[in-house]
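*Asks:* Sequence isn't available, so here's the structure alone:
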């Protein structure tokens, strides 16, 4: 039986509408051993979250996404990392980590790792 590190067995949904940030997030999470699934809207992110993948344990989302649904709405269904520091205290999601843009790839990986260490179950 093959034993894989925890990171390699986890898909990380990412909702981000900025292509350059998507690329950075995908590279950082892939380099850390995760399998990022990039979506460009909260609606697309929700579809992934509702897909039944048992390995989903955390979500990375921008809160200011284009479309009818905000990243706050998406995050409130799951727990999240995101942006918008001025609203996080009011709208923040329990068991979440706030990253303000611009952030370094290492900060993203650290935030995802911190959320995973909180021991939450599947989304």
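*Replies:* Arrived safely. Just so you know, these numbers come straight off a predicted model, no measurement behind them.
*Asks:* worst-scoring helix or strand of the chain, pLDDT-wise?
*Replies:* strand 81-82 (a mean of 46; mean pLDDT, DSSP states H and E).
*Asks:* Helices of the chain, residue ranges please.
*Replies:* 19-31, 42-49, 71-76, 85-91, 105-117 (DSSP state H).
*Asks:* Just put those helices in JSON lines and tack on mean neighbour count and mean pLDDT.
*Replies:* From N, CA and C alone the C-beta is placed, and that goes for glycine too. As requested, the helices of the chain are arranged in JSON lines below (neighbours: other C-beta atoms under 10 Å; pLDDT from 0 to 100):
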{"stretch": "helix 19-31", "mean neighbour count": "16", "mean pLDDT": "96"}
{"stretch": "helix 42-49", "mean neighbour count": "20", "mean pLDDT": "89"}
{"stretch": "helix 71-76", "mean neighbour count": "22", "mean pLDDT": "81"}
{"stretch": "helix 85-91", "mean neighbour count": "12", "mean pLDDT": "53"}
{"stretch": "helix 105-117", "mean neighbour count": "17", "mean pLDDT": "92"}
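*Asks:* Can you say which of those is nearest to residue 62?
*Replies:* Closest approach to residue 62 among the helices of the chain is made by helix 71-76 (5.2 Å; C-beta to C-beta).
*Asks:* Mind giving me the packing neighbours of that closest one?
*Replies:* For helix 71-76, the packing partners by 3 or more C-beta pairs under 8 Å, 6 or more residues apart in numbering; DSSP states H and E come out as helix 42-49, strand 60-61, strand 81-82.
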